[in-house]
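J.: have a look at this prediction, sequence included:
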Amino acid sequence: MSDEHQPSPISNRVRRLAAFFVETDLLRLRIERDGDEIELGRQVLHRDPLPEFPADLIDEPAPVRLDTIKADLVGVFRLARPAMAEGDLLESDRELAFVEALGIRNPVRSLGPGRIVTIACHDGDPVEYGQVLFEIDRG
Amino acid sequence: MIANRGEIALRINRACQELGVRTVAVFSEADRESLHVRQADEAFCVGPGPVPRSYLNIPNIISTALVTGCDAIHPGYGFLAENARFAEICADHGLTFIGPKPSVIAAMGDKATAKRVMKDAGVATTPGTDILDSPDEAKKAAQEIGYPVLLKATAGGGGKGMRVVERPEEMERAYASATAEAEASFKDGRVYMEKLILNPRHIEVQVLGDEFGNVISLGERDCSVQKPSHQKLIEESPAPHLSDRARAALLEMAVRACKHVGYTNAGTLEFLVSGENVYFMEMNTRIQVEHPVTEMVYSVDLVKEQIRVAAGEPLGYEQSDLQLRGHAIECRINAEDPRNNFAPQAGTLARVVFPGGPGVRVDTHVYSGAMVPPYYDSMIAKIIAFGASREAAIARMERALRETVVDGVNTTIQQCLEILATPEFRDGRYDIGFLPRLLTQTAAAER
């Protein structure tokens, strides 16, 4: 058997490095030692570009879960102080307003965290039973 | 503010509009599409469909009156109309209750007290008892009065909490069911006893009083056509075959009684009439369902008078101004199945056509496509026919009923036509047992 059929030390090194290179996600590897130089590289696969989404879909906010908070009695709507505004975040349940009826302040609570989407009444408005007072995004 | 629903809410709204008074209607979620909501100047939802949470919800009703700046509350009939506490609460909040004083409502609303007060005023009353505390006490009382007797809820009306007891062995059960029904209907289970006058006529007197001590009577109404549940179905004025002497005695007694209790506003004294004997039964301290027959024959707007009197004005009439003219009959069109014990019907009225023409008045709150909710009284319309004579009024009513179409629910239209066609009704010789007897005969004939 001639020496031609024996792997040379350099080719053994290249094989070992190639096996290592395959296991990694490196794109290029270059080693210089004692005047030898080995450079391994892989071809970058060309992927099709991602499909383009219509602009209106891209602009639409993530889906929200809207809760309505309604008056459960007849009276005058008053915002709690400090007054909340549309867009305000609620970290937990808190008093948003009260419905004043027969001299009693009946609290209106957010019943949990969320973001105030709509304040449906103005301070001082008379409100009827079942009237929507707030819309809260629970998303 | 109009603290009621249905046809009476519309009736009050009409009177207010003609007087130039702005109105606020209240409604339940089930009545959102109701006509009274559309026709009032403002309307406020006061609760969900069931009556205790809406039309009996005193805090929400008072609060509505206050936030909308109302001066007065007309309670109509039923619901809060005879609730003395409600009348007091109105006064406490500076609101005028369109009705008599709370103390008078309380005295007349408690039927046992009312009988005592009437006796003091020299009004004839049926033999009976005060409040009964037990079935044993009831048995003893019945033994003294003599069977048959009637157990009646002291807070009652509309036949609720009322039981006929013919034998001692029936008393225990009748007492239990009357008190339970009274408790459920009026939150007051107390009952009293009256001698049962067999086959009397139910004749009532319309009165009006003002703050100046004036009281007038506006004739009588015969309301003897009653369902087996004692609820009225047909009423007429004047009462047929009532002698002039008996009529004069009845009207005089009513005015005397009202003056005795300091009665103000509109009211009705109900009497049982048996031959020439007249017995006071109870007083209703409100406008009655059947008030239009009186309005037709006396050309008086009773609801406007109620509002004027409540505003502190004197009555617009003296007794001598009032002249009875012609005859008027009212038929109640109820969403009920007369062939099934008048079981109430709920549903959508696919088509509604009401009558018109000379001498016909229709008080209703329904229309084609309207819903009849399951929560409320089943009456959907009142048809009132006026004629120069009783015969003319009957003929006009028959014509009006035949013109009427209500598709979608069973009604009492055909039943009313059958009643008008009977010899007893045509002759005007009927009593409160007439309709139950007719129903029994009809059922037997159908079998």
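T.: Ah, there it is. Residues are numbered from 1 along each chain as shown, chains lettered A, B, ... in the order given.

J.: who are the contact partners of the residue of the stretch 201-350 of chain B found nearest chain A?
T.: Going by C-beta to the nearest C-beta, chain A is nearest to B:Ala346 of the stretch 201-350 of chain B, at 21.3 Å. C-beta: built from backbone N, CA, C; applies to glycine. B:Ala346 makes contact with B:Ala335, B:Met371, B:Val372, B:Pro373, B:Pro374, B:Val409, according to C-beta atoms under 8 Å, 6 or more residues apart in numbering or on different chains.

J.: likewise for B:Pro338?
T.: Contacts of B:Pro338 (C-beta under 8 Å, 6+ apart): B:Asn410, B:Thr412, B:Gln414, B:Gln415, B:Leu439.

J.: try it again with 6 Å
T.: Counting by C-beta atoms under 6 Å, 6 or more residues apart in numbering or on different chains, B:Pro338 touches B:Thr412, B:Gln415.

J.: and it, its phi and psi?
T.: Backbone torsions for B:Pro338, taken as degrees, to the nearest 10, come to phi -60, psi -20.

J.: for ChimeraX, write the select line for the buried members of the contacts of B:Ala346.
T.: Buried subset of the contacts of B:Ala346, written as a ChimeraX selection, criterion 16 or more other C-beta atoms under 10 Å in any protein chain shown:
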select /B:335,371,372,373,409
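
J.: which of the contacts of B:Ala346 sits closest to B:Ala3?
T.: Using C-beta to C-beta, B:Pro373 comes nearest to B:Ala3 of the contacts of B:Ala346, at 17.8 Å.

J.: point out where chain A drops to low pLDDT.
T.: Along chain A, the parts satisfying pLDDT under 70 run over A:1-11, A:14, A:17, A:20-63.

J.: which residue does it bring closest to chain B?
T.: Counting by C-beta to the nearest C-beta, chain A gets nearest chain B through A:Pro126, at 3.8 Å.

J.: ok, now which ones touch that residue?
T.: With C-beta under 6 Å, 6+ apart, A:Pro126 has these contacts: A:Val76, B:Val67.

J.: likewise for B:Ala40?
T.: Shown in contact with B:Ala40 (C-beta under 6 Å, 6+ apart): B:Asn13, B:Thr23, B:Ala25.

J.: got it, and A:Glu95?
T.: A:Ala80, A:Pro107, A:Arg109.

J.: dump those residues to CSV, plus distance to chain B, neighbour count and secondary structure.
T.: Output for the contacts of A:Glu95, formatted as CSV (distance: C-beta to the nearest C-beta, whole Å; neighbours: other C-beta atoms under 10 Å in any protein chain shown; DSSP: H, G, I helix; E, B strand; the rest coil):
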residue, distance to chain B, neighbour count, secondary structure
A:Ala80, 19, 15, coil
A:Pro107, 16, 11, strand
A:Arg109, 20, 15, strand
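
J.: ok, those residues vs B:Pro228, which is closest?
T.: Nearest to B:Pro228, judged by C-beta to C-beta, of the contacts of A:Glu95 is A:Pro107 at 50.6 Å.

J.: correct me, but the closest one touches A:Phe98?
T.: Yes - taking C-beta atoms under 6 Å as the definition, A:Pro107 is a contact partner of A:Phe98 at 5.0 Å.

J.: make sure B:Ala87 is indeed in a helix.
T.: Yes - assessed by DSSP: H, G, I helix; E, B strand; the rest coil, B:Ala87 belongs to a helix.

J.: could you measure it against A:Gly124, distance?
T.: 30 Å (C-beta to C-beta, to the nearest Å).

J.: which of those two has more neighbours?
T.: B:Ala87 (27 against 10; other C-beta atoms under 10 Å in any protein chain shown).

J.: how much space between that one and B:His93?
T.: B:Ala87 sits 11 Å away from B:His93, going by C-beta to C-beta.

J.: now B:Arg361
T.: 35 Å.

J.: what about whichever residue of the stretch 151-300 of chain B sits closest to chain A, how many neighbours?
T.: Closest residue of the stretch 151-300 of chain B to chain A, C-beta to the nearest C-beta: B:Lys187 (21.3 Å). Neighbour count for B:Lys187, taken as other C-beta under 10 Å: 9.

J.: domains of the chain?
T.: In the absence of a named chain, this looks at chain A. With domains defined by automatic domain parsing, chain A comprises A:3-41, A:66-137.

J.: can you look at chain B instead?
T.: B:6-98, B:127-195, B:201-446.

J.: what's the least confident stretch among these?
T.: Here the lowest mean pLDDT among the domains of chain B goes to domain B:127-195, at a mean of 92.

J.: compute the first-to-last residue distance for it.
T.: End-to-end distance for domain B:127-195: 5 Å, by C-alpha to C-alpha, to the nearest Å.

J.: gap between it and the chain center?
T.: 21 Å (C-alpha atoms, centre = their mean, to the nearest Å).

J.: picking up where we left off before, winner for burial among the domains of chain A?
T.: domain A:66-137 (a mean of 17; mean count of other C-beta atoms under 10 Å in any protein chain shown).

J.: before we move on, the earlier item: format the contacts of A:Glu95 as JSON lines; extra columns: distance to B:Val352.
T.: Formatted as JSON lines, the contacts of A:Glu95 follow (distance: C-beta to C-beta, whole Å):
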{"residue": "A:Ala80", "distance to B:Val352": "48"}
{"residue": "A:Pro107", "distance to B:Val352": "45"}
{"residue": "A:Arg109", "distance to B:Val352": "45"}
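
J.: which one of these is nearest B:Asp244?
T.: A:Pro107 (66.4 Å).

J.: count the residues that sit near B:Ala174.
T.: 21.

J.: just checking: what are the partner strands of the longest strand along chain B?
T.: If you go by DSSP state E, chain B has its longest strand at strand B:215-226. Partners of strand B:215-226 in the sheet, by DSSP bridges, are strand B:201-209 (antiparallel), strand B:232-237 (antiparallel).

J.: can you dump the C-alpha coordinates of it into PDB?
T.: Extracted C-alpha coordinates of strand B:215-226, given in PDB (Å, rounded to 0.1, in the frame of the first residue of the first chain):
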ATOM      1  CA  VAL B 215    -115.900  66.100  47.300                       C
ATOM      2  CA  ILE B 216    -118.000  65.100  44.300                       C
ATOM      3  CA  SER B 217    -119.200  61.800  43.100                       C
ATOM      4  CA  LEU B 218    -119.200  61.000  39.400                       C
ATOM      5  CA  GLY B 219    -121.800  58.300  39.300                       C
ATOM      6  CA  GLU B 220    -121.300  54.600  39.500                       C
ATOM      7  CA  ARG B 221    -119.900  51.700  37.500                       C
ATOM      8  CA  ASP B 222    -121.200  48.200  37.400                       C
ATOM      9  CA  CYS B 223    -118.200  45.900  37.400                       C
ATOM     10  CA  SER B 224    -120.000  42.600  38.000                       C
ATOM     11  CA  VAL B 225    -118.600  40.800  34.900                       C
ATOM     12  CA  GLN B 226    -115.700  39.200  36.700                       C
END
